[in-house]
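>>> Quick one: sequence plus predicted model below, questions after.
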Amino acid sequence: MIVLEDVDKWYGKNFQVLKSCSLTVSPGEVVVICGPSGSGKSTLIKCVNGLEPVQGGHISVKDMEVTGPRTKLPKLRSHVGMVFQHFDLFPHMTVTENICIGQTRVLGRTQAEAEAKAAALLERVGMSDHARKYPIQLSGGQQQRIAIARALAMDPIAMLFDEPTSALDPEMITEVLDVMVELAKEGMTMMVVTHEMGFARKVADRVVFMDGGEVVEDTPKDEFFASPKSQRAVEFLSKIL
Ligand code: ADP
Ligand code: MG
């Protein structure tokens, strides 16, 4: 579903942030990406939906070439859902309006269709009572669940998450992870940057460990936790577990 082949990326002339990164995510797979701060995780995930250009290698999502000259980025992004650390909901729109806007503007659904879909998704993320509120009236965990619902409203073929719980107070982390666990169990293809190793243990198929712009390990979950191959991953795990 998602293929990265020898991806090189530079910020400016002197700093190579991604070094020949290769990674494949099959349909229905959940891949957790972890690694020290500054290792290139956010950059990698942004490259997958074309938010950052790359200077070498190839990226494709399903049959869509991300890095080629014929790339249609709006089409790509309408098919790949993305949830960031900061929920970035539209502040001047209600919850329902946030979930409907992409459906009507990009997918051409009628307002009634979009609202029906929004209602179903709000139910799914446990937020039905909040449909008419504005983002500022919600807690961080609630906003993040709305951000996930908004992404799902586009019927994405894959979902990218970049540290979706790291800006949340501890008591709100679980409510967001629960939604993500359900999504994983339903078979969504997911790339998830997170340090929530409980989540990784529960639903990840593989764990990718990055350090210094490189994919240092790409290992089945159980193997990664039982016996990481690289010393760098051992050190990293000893700090966060
Ligand atoms: P991570 O998500 O693993 O913490 P990032 O992908 O955010 O890592 O950043 C990797 C490195 O690239 C860091 O050293 C960061 O300072 C640098 N970096 C990130 N974004 C930019 C940018 N837009 N311009 C220049 N350097 C950047
Ligand atoms: Mg990051």
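That came through, no problem. Ligands and ions are numbered 1, 2, ... in the order given.

>>> Get me the contact residues on the chain for ligand 1.
Within the chain, the residues that sit near ligand 1 (CB under 6 Å from any ligand atom) are Tyr11, Val17, Gly35, Ser37, Gly38, Ser39, Gly40, Lys41, Ser42, Thr43. The way it works is simple: take the backbone N, C-alpha and C, and place the C-beta from them, glycine included.

>>> Take the residues you listed and keep only those in helices.
Residues of the residues of the chain next to ligand 1 located in helices (DSSP state H): Lys41, Ser42, Thr43.

>>> Which single one of the residues of the chain next to ligand 1 is nearest to ligand 2?
Taking CB to the ion as the measure, ligand 2 sits nearest to Ser42 out of those, at 3.2 Å.

>>> what's the closest non-adjacent residue to that closest one?
Once flanking residues are discounted, Ser42 sits nearest to Asp162: 5.4 Å by CB to CB, 6 or more residues apart in numbering.

>>> State the distance from that neighbour to Ala118.
24 Å (CB to CB, to the nearest Å).

>>> Ok, Glu214 next?
As judged by CB to CB, Glu214 and Ala118 stand 41 Å apart.

>>> Identify the residues contacting Lys221.
Lys221 makes contacts with Val32, Ala200, Arg201, Ala204, Asp205, Arg206, Val207, as judged by CB atoms under 8 Å, 6 or more residues apart in numbering.

>>> quick one: buried residues of the lowest-mean-pLDDT helix or strand in the chain?
For the chain, counting by mean pLDDT, DSSP states H and E, helix 73-79 ranks last in confidence among helices and strands (a mean of 89). Using 16 or more other CB atoms under 10 Å as the test for burial, helix 73-79 gives Leu76, Arg77, Ser78, His79.

>>> Run a quick check on the first one versus Val61, I expect a contact.
Same thing as Leu76. Yes: with contacts counted by CB atoms under 8 Å, Leu76 reaches Val61, the gap being 6.3 Å.

>>> hey, what's in contact with both of the two?
With CB under 8 Å, 6+ apart, Leu76 and Val61 have common neighbours Asn49.

>>> From ligand 1, how far out is Gly141?
Computed with CB to the nearest ligand atom, to the nearest Å, the distance linking Gly141 and ligand 1 is 22 Å.

>>> Please identify which helix or strand holds that residue.
For Gly141, the host element (DSSP states H and E) is helix 140-152.

>>> neighbour count winner among Glu214 and Ala118?
Shown here are Glu214 and Ala118; by other CB atoms under 10 Å, Ala118 has more neighbours (23 against 16).
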